[in-house]
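Q: attaching a predicted model along with its sequence, questions to come.
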Amino acid sequence: SGLGDLLLTCSSTQSRNYAFGHAIGEGLNVADALARSKGVVEGAFTATIAHTLAARYVIDMPIVDAVHAIVDEGGSPDQEIARLLARPAGKEIR
């Protein structure tokens with residue numbers, strides 16, 4: 001169920017997390033995207049926790065950093081995507 005849940009939450013239009021991310025991508029701010037949701041958007045809160053843990057244990061998690069910047073700091077999705085694409089390849093490529 002773990003992998004299936006992950007795939008479903010990332011790709012199903014019925015997923016609250018997918019709908020939240022799609023709304024952010026359409027230009028809604030985080031508060032409005034959360035208000036539009038029909039339930040708890042676990043991913044929004046999980047990104048904050050994952051970012052905190054990555055910082056505590058000094059783990060490079062650029063995608064988590066980008067999501068945190070958007071969800072918690074009002075960052076621009078376009079700018080965060082550009083930042084991710086501009087960064088040099090890290091350990092994830094080796």
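A: All right, it came through fine.

Q: and the helix or strand encompassing residue 35, what does it pack against?
A: According to DSSP states H and E, residue 35 maps onto helix 30-36. Using 3 or more CB pairs under 8 Å, 6 or more residues apart in numbering; DSSP states H and E, the elements in contact with helix 30-36 are helix 16-25. (C-beta placed from N, C-alpha, C; glycine too.)

Q: contacts only, for the residue nearest the centre of the chain.
A: The centre of the chain sits closest to residue 67, judged by CA atoms, centre = their mean, with a distance of 3.7 Å. By CB atoms under 8 Å, 6 or more residues apart in numbering, the contact set of residue 67 is 43, 47, 51, 80.

Q: same question for residue 52.
A: Not one residue lies near residue 52 by CB under 8 Å, 6+ apart.

Q: what's next to the worst-scoring helix or strand of the chain on mean pLDDT, contact-wise?
A: Lowest by mean pLDDT, DSSP states H and E among the helices and strands of the chain is helix 2-11, with a mean of 78. With contact meaning CB under 8 Å, 6+ apart, helix 2-11 is reached by 15, 17-18, 43.

Q: re earlier: how close does the residue nearest to the centre of the chain sit to residue 73?
A: Going from residue 67 to residue 73 by CB to CB, to the nearest Å gives 10 Å.
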